[in-house]
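[1] the sequence and its predicted three-dimensional model are supplied below.
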Amino acid sequence: MRTERYDACAFKARVDGILEEFVGRERDQLLDIDPRLRPVADQLVLASGQGKRLRAAFCYWGWRASGQPDSDAFVRAAAALELVHAAASVHDDIIDDSPLRHGLPTAQTALHALRAREFEQTGKALAMLVGDLLMALAGQLFVTSGLPAAYLSRARPLWAVLARELIAGECLEILCTGAVPDVHESLKVVRYKTAKYTVEQPLLIGGALGGADGRLRKAFSAYGLPLGEAFQLRDDLLGLFGDRAHTGKANLDDFRARRPTALLAETWRTVDSLQRARLIRLLDLAEPDDADLCELRDLMTEVGAPDRIEQMITARVEEATDALADVPAPAARALTELAHAATTRRY
(Lines give C-alpha, C1' and ligand atoms only; values in the text may rest on other atoms or scores of the structure.)
Protein backbone atom coordinates (compact mmCIF):
# COMPACT_ATOMS: atom_id res chain seq x y z
CA MET A 1 0.00 0.00 0.00
CA ARG A 2 2.32 2.69 -1.27
CA THR A 3 -0.23 5.00 -2.93
CA GLU A 4 -3.03 7.17 -1.62
CA ARG A 5 -5.58 4.45 -2.40
CA TYR A 6 -6.33 2.14 0.49
CA ASP A 7 -5.81 -1.53 -0.34
CA ALA A 8 -7.12 -3.49 2.65
CA CYS A 9 -5.69 -6.81 1.48
CA ALA A 10 -2.22 -5.39 0.86
CA PHE A 11 -2.21 -3.65 4.23
CA LYS A 12 -3.32 -6.81 6.00
CA ALA A 13 -0.53 -8.73 4.27
CA ARG A 14 2.03 -6.22 5.54
CA VAL A 15 0.79 -6.51 9.11
CA ASP A 16 0.54 -10.30 8.88
CA GLY A 17 4.14 -10.50 7.69
CA ILE A 18 5.41 -8.32 10.52
CA LEU A 19 3.58 -10.32 13.17
CA GLU A 20 4.52 -13.67 11.69
CA GLU A 21 8.20 -12.78 11.82
CA PHE A 22 8.10 -11.09 15.23
CA VAL A 23 5.93 -13.63 17.05
CA GLY A 24 7.68 -16.51 15.30
CA ARG A 25 10.96 -15.36 16.78
CA GLU A 26 9.38 -15.18 20.22
CA ARG A 27 7.99 -18.68 19.75
CA ASP A 28 11.47 -20.00 18.98
CA GLN A 29 12.88 -18.34 22.09
CA LEU A 30 10.21 -20.00 24.24
CA LEU A 31 11.16 -23.39 22.79
CA ASP A 32 14.82 -22.68 23.56
CA ILE A 33 13.83 -22.50 27.23
CA ASP A 34 12.08 -25.88 27.23
CA PRO A 35 10.51 -27.98 24.45
CA ARG A 36 7.53 -28.72 26.71
CA LEU A 37 6.42 -25.16 26.04
CA ARG A 38 5.59 -26.00 22.42
CA PRO A 39 1.77 -26.04 22.88
CA VAL A 40 1.94 -22.65 24.61
CA ALA A 41 4.27 -21.27 21.94
CA ASP A 42 1.96 -22.54 19.21
CA GLN A 43 -1.02 -20.80 20.80
CA LEU A 44 0.99 -17.58 20.86
CA VAL A 45 1.34 -17.84 17.08
CA LEU A 46 -2.28 -18.86 16.50
CA ALA A 47 -3.71 -16.08 18.64
CA SER A 48 -1.65 -13.41 16.87
CA GLY A 49 -2.32 -14.77 13.39
CA GLN A 50 -6.05 -14.07 13.28
CA GLY A 51 -8.13 -11.01 12.49
CA LYS A 52 -8.80 -8.39 9.82
CA ARG A 53 -6.13 -6.02 11.19
CA LEU A 54 -8.65 -3.22 11.60
CA ARG A 55 -6.91 -1.71 14.62
CA ALA A 56 -3.62 -1.41 12.78
CA ALA A 57 -5.48 0.11 9.82
CA PHE A 58 -7.19 2.76 11.96
CA CYS A 59 -3.83 3.58 13.53
CA TYR A 60 -2.23 3.86 10.08
CA TRP A 61 -4.82 6.33 8.86
CA GLY A 62 -4.46 8.39 12.02
CA TRP A 63 -0.80 8.72 11.03
CA ARG A 64 -1.51 9.47 7.37
CA ALA A 65 -4.23 12.01 8.23
CA SER A 66 -1.58 13.86 10.23
CA GLY A 67 0.37 14.45 7.04
CA GLN A 68 2.91 11.65 7.43
CA PRO A 69 4.06 9.42 4.55
CA ASP A 70 3.82 5.66 4.35
CA SER A 71 6.46 4.09 6.58
CA ASP A 72 7.47 0.50 7.27
CA ALA A 73 8.57 1.51 10.76
CA PHE A 74 5.16 3.00 11.42
CA VAL A 75 3.36 -0.13 10.20
CA ARG A 76 5.43 -2.11 12.71
CA ALA A 77 4.25 0.23 15.45
CA ALA A 78 0.65 -0.07 14.27
CA ALA A 79 0.94 -3.86 14.19
CA ALA A 80 1.55 -3.78 17.94
CA LEU A 81 -2.13 -2.93 18.39
CA GLU A 82 -3.02 -6.27 16.85
CA LEU A 83 -1.09 -7.98 19.64
CA VAL A 84 -3.14 -5.98 22.16
CA HIS A 85 -6.24 -7.30 20.43
CA ALA A 86 -4.88 -10.85 20.44
CA ALA A 87 -4.18 -10.58 24.18
CA ALA A 88 -7.62 -9.13 24.88
CA SER A 89 -9.27 -11.88 22.82
CA VAL A 90 -7.46 -14.65 24.71
CA HIS A 91 -8.42 -13.13 28.05
CA ASP A 92 -11.99 -12.50 26.89
CA ASP A 93 -12.38 -16.12 25.82
CA ILE A 94 -11.22 -17.24 29.26
CA ILE A 95 -13.69 -14.93 31.00
CA ASP A 96 -16.54 -16.02 28.73
CA ASP A 97 -15.50 -19.68 28.64
CA SER A 98 -15.80 -19.57 24.84
CA PRO A 99 -14.91 -22.77 22.97
CA LEU A 100 -14.42 -21.24 19.50
CA ARG A 101 -12.91 -18.19 17.84
CA HIS A 102 -12.56 -17.86 14.07
CA GLY A 103 -13.79 -21.43 13.81
CA LEU A 104 -10.86 -22.79 15.84
CA PRO A 105 -10.61 -23.93 19.45
CA THR A 106 -9.82 -21.03 21.75
CA ALA A 107 -6.49 -21.07 23.57
CA GLN A 108 -7.90 -22.41 26.84
CA THR A 109 -9.83 -25.12 24.96
CA ALA A 110 -6.75 -26.26 23.06
CA LEU A 111 -4.48 -26.13 26.10
CA HIS A 112 -6.97 -27.84 28.42
CA ALA A 113 -6.10 -31.23 26.91
CA LEU A 114 -2.50 -31.10 28.14
CA ARG A 115 -3.26 -32.13 31.72
CA ALA A 116 -7.04 -32.17 31.75
CA ARG A 117 -7.37 -35.29 33.86
CA GLU A 118 -5.12 -33.99 36.61
CA PHE A 119 -5.85 -30.27 36.74
CA GLU A 120 -9.22 -28.82 35.76
CA GLN A 121 -7.87 -25.28 35.32
CA THR A 122 -4.76 -26.10 33.25
CA GLY A 123 -6.13 -24.76 29.98
CA LYS A 124 -7.37 -21.49 31.45
CA ALA A 125 -4.19 -20.93 33.45
CA LEU A 126 -1.93 -21.47 30.45
CA ALA A 127 -4.15 -19.39 28.19
CA MET A 128 -4.08 -16.53 30.70
CA LEU A 129 -0.29 -16.54 30.50
CA VAL A 130 -0.41 -16.60 26.70
CA GLY A 131 -2.56 -13.47 26.84
CA ASP A 132 -0.20 -11.81 29.31
CA LEU A 133 2.79 -12.51 27.07
CA LEU A 134 0.97 -11.15 24.01
CA MET A 135 0.32 -7.89 25.85
CA ALA A 136 3.98 -7.63 26.83
CA LEU A 137 5.03 -8.34 23.24
CA ALA A 138 2.76 -5.55 22.01
CA GLY A 139 4.78 -3.04 24.00
CA GLN A 140 8.04 -4.53 22.81
CA LEU A 141 7.06 -4.37 19.15
CA PHE A 142 5.89 -0.78 19.54
CA VAL A 143 9.09 0.54 21.13
CA THR A 144 11.35 -1.40 18.72
CA SER A 145 9.38 -0.41 15.62
CA GLY A 146 12.11 1.88 14.33
CA LEU A 147 10.23 5.14 14.78
CA PRO A 148 12.19 7.98 16.42
CA ALA A 149 12.06 8.04 20.20
CA ALA A 150 10.57 11.53 20.13
CA TYR A 151 7.62 10.22 18.11
CA LEU A 152 7.09 7.24 20.40
CA SER A 153 7.12 9.43 23.49
CA ARG A 154 4.14 11.41 22.16
CA ALA A 155 1.99 8.27 22.03
CA ARG A 156 3.23 6.41 25.09
CA PRO A 157 0.66 7.95 27.53
CA LEU A 158 -2.16 6.78 25.28
CA TRP A 159 -1.14 3.15 25.83
CA ALA A 160 -1.96 3.49 29.52
CA VAL A 161 -5.33 5.02 28.63
CA LEU A 162 -6.03 2.19 26.18
CA ALA A 163 -5.25 -0.48 28.79
CA ARG A 164 -7.25 1.26 31.53
CA GLU A 165 -10.35 1.65 29.38
CA LEU A 166 -10.15 -1.87 27.97
CA ILE A 167 -9.89 -3.42 31.43
CA ALA A 168 -12.65 -1.14 32.73
CA GLY A 169 -14.92 -2.38 29.95
CA GLU A 170 -14.17 -6.03 30.70
CA CYS A 171 -14.81 -5.46 34.40
CA LEU A 172 -18.08 -3.66 33.71
CA GLU A 173 -19.25 -6.53 31.51
CA ILE A 174 -18.52 -9.00 34.31
CA LEU A 175 -20.29 -6.82 36.88
CA CYS A 176 -23.34 -6.36 34.63
CA THR A 177 -23.63 -10.02 33.62
CA GLY A 178 -26.76 -11.55 35.14
CA ALA A 179 -28.13 -8.17 36.23
CA VAL A 180 -31.41 -6.73 34.94
CA PRO A 181 -30.65 -5.82 31.29
CA ASP A 182 -30.34 -2.09 30.70
CA VAL A 183 -29.62 -0.42 27.36
CA HIS A 184 -27.61 2.44 28.88
CA GLU A 185 -25.40 0.07 30.86
CA SER A 186 -24.94 -2.20 27.85
CA LEU A 187 -23.81 0.70 25.67
CA LYS A 188 -21.36 1.79 28.35
CA VAL A 189 -19.83 -1.70 28.30
CA VAL A 190 -19.69 -1.55 24.49
CA ARG A 191 -17.93 1.81 24.56
CA TYR A 192 -15.21 0.83 27.00
CA LYS A 193 -14.75 -2.85 26.20
CA THR A 194 -14.61 -2.48 22.41
CA ALA A 195 -15.30 0.91 20.83
CA LYS A 196 -12.39 2.80 22.28
CA TYR A 197 -9.60 0.25 21.79
CA THR A 198 -10.87 -0.86 18.39
CA VAL A 199 -11.22 2.51 16.66
CA GLU A 200 -10.73 5.65 18.73
CA GLN A 201 -7.50 4.83 20.54
CA PRO A 202 -5.72 3.38 17.46
CA LEU A 203 -6.60 6.56 15.57
CA LEU A 204 -5.41 8.76 18.42
CA ILE A 205 -2.18 6.77 18.79
CA GLY A 206 -1.49 7.07 15.06
CA GLY A 207 -2.30 10.75 15.23
CA ALA A 208 -0.07 11.31 18.25
CA LEU A 209 2.82 9.56 16.51
CA GLY A 210 2.22 11.75 13.47
CA GLY A 211 1.84 15.02 15.36
CA ALA A 212 -1.90 15.55 14.83
CA ASP A 213 -3.31 18.86 16.04
CA GLY A 214 -6.23 19.26 18.42
CA ARG A 215 -8.82 19.71 15.68
CA LEU A 216 -7.80 16.45 14.03
CA ARG A 217 -7.72 14.56 17.33
CA LYS A 218 -11.25 15.79 18.05
CA ALA A 219 -12.38 14.49 14.66
CA PHE A 220 -10.76 11.11 15.39
CA SER A 221 -12.81 10.76 18.60
CA ALA A 222 -16.01 11.98 16.93
CA TYR A 223 -15.52 9.29 14.28
CA GLY A 224 -14.04 6.55 16.43
CA LEU A 225 -16.52 6.33 19.30
CA PRO A 226 -19.75 5.86 17.32
CA LEU A 227 -18.04 3.60 14.80
CA GLY A 228 -16.54 1.45 17.54
CA GLU A 229 -19.98 1.12 19.10
CA ALA A 230 -21.48 0.16 15.73
CA PHE A 231 -18.74 -2.46 15.31
CA GLN A 232 -19.62 -4.14 18.62
CA LEU A 233 -23.36 -3.88 18.05
CA ARG A 234 -22.83 -5.74 14.78
CA ASP A 235 -20.73 -8.30 16.61
CA ASP A 236 -23.52 -8.84 19.14
CA LEU A 237 -26.05 -9.43 16.37
CA LEU A 238 -23.71 -11.86 14.65
CA GLY A 239 -23.03 -13.62 17.93
CA LEU A 240 -26.68 -14.63 18.29
CA PHE A 241 -28.06 -14.56 14.75
CA GLY A 242 -24.94 -15.18 12.68
CA ASP A 243 -24.08 -18.29 10.71
CA ARG A 244 -21.35 -20.11 12.63
CA ALA A 245 -19.73 -21.04 9.31
CA HIS A 246 -19.12 -17.32 8.71
CA THR A 247 -18.60 -16.03 12.25
CA GLY A 248 -16.49 -18.91 13.58
CA LYS A 249 -18.15 -18.50 16.97
CA ALA A 250 -20.59 -20.59 18.98
CA ASN A 251 -24.06 -18.96 18.82
CA LEU A 252 -24.97 -20.13 22.32
CA ASP A 253 -22.10 -18.25 24.03
CA ASP A 254 -23.84 -14.92 24.70
CA PHE A 255 -27.11 -16.68 25.51
CA ARG A 256 -25.60 -19.18 27.94
CA ALA A 257 -23.51 -16.54 29.71
CA ARG A 258 -26.38 -14.01 29.80
CA ARG A 259 -23.97 -11.33 28.62
CA PRO A 260 -25.24 -7.76 28.93
CA THR A 261 -25.52 -7.05 25.22
CA ALA A 262 -27.54 -4.15 23.87
CA LEU A 263 -29.55 -6.71 21.90
CA LEU A 264 -30.68 -8.43 25.10
CA ALA A 265 -31.30 -5.11 26.84
CA GLU A 266 -33.39 -3.82 23.95
CA THR A 267 -35.41 -7.04 24.01
CA TRP A 268 -35.95 -6.75 27.78
CA ARG A 269 -37.05 -3.13 27.39
CA THR A 270 -39.77 -3.86 24.84
CA VAL A 271 -41.31 -7.21 25.83
CA ASP A 272 -44.77 -7.36 27.40
CA SER A 273 -45.43 -9.27 30.62
CA LEU A 274 -46.03 -12.64 28.94
CA GLN A 275 -43.00 -12.24 26.69
CA ARG A 276 -40.88 -11.24 29.66
CA ALA A 277 -41.87 -14.43 31.46
CA ARG A 278 -40.70 -16.39 28.39
CA LEU A 279 -37.47 -14.42 28.29
CA ILE A 280 -36.76 -14.99 32.00
CA ARG A 281 -37.41 -18.72 31.59
CA LEU A 282 -34.95 -18.88 28.70
CA LEU A 283 -32.29 -16.85 30.50
CA ASP A 284 -32.59 -19.04 33.58
CA LEU A 285 -31.78 -22.23 31.67
CA ALA A 286 -28.56 -23.79 32.92
CA GLU A 287 -27.69 -25.42 29.59
CA PRO A 288 -29.70 -23.94 26.71
CA ASP A 289 -29.65 -25.89 23.45
CA ASP A 290 -30.27 -25.02 19.80
CA ALA A 291 -34.05 -25.24 20.22
CA ASP A 292 -33.85 -22.71 23.07
CA LEU A 293 -31.67 -20.49 20.89
CA CYS A 294 -34.31 -20.57 18.15
CA GLU A 295 -36.99 -19.60 20.67
CA LEU A 296 -34.88 -16.69 21.92
CA ARG A 297 -34.25 -15.52 18.36
CA ASP A 298 -37.98 -15.72 17.61
CA LEU A 299 -38.82 -13.71 20.72
CA MET A 300 -36.27 -11.03 19.89
CA THR A 301 -37.60 -10.83 16.34
CA GLU A 302 -41.20 -10.62 17.59
CA VAL A 303 -40.44 -7.42 19.50
CA GLY A 304 -38.25 -5.98 16.74
CA ALA A 305 -35.03 -5.85 18.77
CA PRO A 306 -32.67 -6.88 15.92
CA ASP A 307 -34.18 -4.20 13.66
CA ARG A 308 -33.64 -1.52 16.31
CA ILE A 309 -30.02 -2.63 16.77
CA GLU A 310 -29.61 -2.35 12.99
CA GLN A 311 -30.98 1.19 13.20
CA MET A 312 -28.51 1.99 15.96
CA ILE A 313 -25.67 0.67 13.81
CA THR A 314 -26.76 2.74 10.80
CA ALA A 315 -27.10 5.91 12.86
CA ARG A 316 -23.66 5.46 14.38
CA VAL A 317 -21.96 4.80 11.05
CA GLU A 318 -23.57 7.95 9.65
CA GLU A 319 -22.43 9.95 12.69
CA ALA A 320 -18.91 8.60 12.29
CA THR A 321 -18.59 9.36 8.58
CA ASP A 322 -20.08 12.83 9.05
CA ALA A 323 -17.25 13.54 11.50
CA LEU A 324 -14.66 13.10 8.74
CA ALA A 325 -15.26 16.60 7.33
CA ASP A 326 -12.14 17.86 9.13
CA VAL A 327 -9.96 14.93 8.02
CA PRO A 328 -7.82 15.28 4.85
CA ALA A 329 -9.41 13.69 1.78
CA PRO A 330 -7.21 10.59 1.24
CA ALA A 331 -7.52 9.54 4.87
CA ALA A 332 -11.23 10.43 4.97
CA ARG A 333 -11.88 8.18 1.98
CA ALA A 334 -9.99 5.30 3.57
CA LEU A 335 -11.74 5.76 6.91
CA THR A 336 -15.12 5.79 5.16
CA GLU A 337 -14.25 2.46 3.51
CA LEU A 338 -13.12 1.07 6.84
CA ALA A 339 -16.33 2.21 8.53
CA HIS A 340 -18.45 0.20 6.12
CA ALA A 341 -16.11 -2.80 6.09
CA ALA A 342 -16.16 -2.98 9.91
CA THR A 343 -19.95 -2.83 10.26
CA THR A 344 -21.42 -4.69 7.27
CA ARG A 345 -20.13 -8.16 8.12
CA ARG A 346 -22.20 -11.12 6.93
CA TYR A 347 -24.69 -13.14 8.95
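    Ah, there it is.
[2] helix or strand: which one has the most far-flung residue of the chain relative to its centre?
    Each residue of the chain has a distance to the centre, and by CA atoms, centre = their mean the biggest one is for Leu274: 35.9 Å. Leu274 is part of helix 273-283 when elements are defined by DSSP states H and E.
[3] I'd like the next helix or strand past that helix.
    helix 290-302.
[4] okay, buried residues for that following helix please.
    Going by neighbour count (16 or more other CB atoms under 10 Å), the buried part of helix 290-302 is Asp292, Leu293, Leu296, Leu299, Met300. Any C-beta I mention is one placed from the backbone N, CA and C, and that applies to glycine too.
[5] TSV for those residues, including distance to Ala339?
    Shown next, in TSV, are those (distance: CB to CB, whole Å):
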residue	distance to Ala339
Asp292	35
Leu293	30
Leu296	30
Leu299	31
Met300	26
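[6] closest to Pro99 out of those?
    Nearest to Pro99 among those is Leu293, at 15.1 Å by CB to CB.
[7] mind checking the end-to-end distance for stretch 174-194?
    Stretch 174-194 has an end-to-end distance of 14 Å (criterion: CA to CA, to the nearest Å).
[8] quick one: average confidence on it?
    Stretch 174-194 comes out with an average pLDDT of 94.
[9] show me the contact partners of that stretch.
    Under the criterion CB atoms under 8 Å, 6 or more residues apart in numbering, residues 95, 165-166, 168-170, 172-173, 225, 228-229, 231-233, 235, 257-262, 264-269 lie in contact with stretch 174-194.
[10] now the strands for this protein?
    100-101, 104-105 (DSSP state E).
[11] single out the most deeply packed of these.
    Highest mean neighbour count of the strands of the chain: strand 100-101, a mean of 19 (counted as mean count of other CB atoms under 10 Å).
[12] how far does that one sit from its chain's centre?
    Counting by CA atoms, centre = their mean, to the nearest Å, strand 100-101 is centred 13 Å from the centre of its parent chain.
[13] mean confidence for that strand?
    Here strand 100-101 scores 84 as its mean pLDDT.
[14] cool, and stretch 151-162?
    Regarding stretch 151-162, the rounded mean pLDDT is 96.
[15] buried stuff in that stretch?
    Residues Tyr151, Leu152, Arg154, Ala155, Leu158, Trp159, Leu162 are the ones in stretch 151-162 that count as buried (16+ other CB under 10 Å).
[16] can you redo those residues as TSV with distance to Asp213?
    Conversion of these to TSV gives the following (distance: CB to CB, whole Å):
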residue	distance to Asp213
Tyr151	15
Leu152	19
Arg154	12
Ala155	15
Leu158	16
Trp159	21
Leu162	21
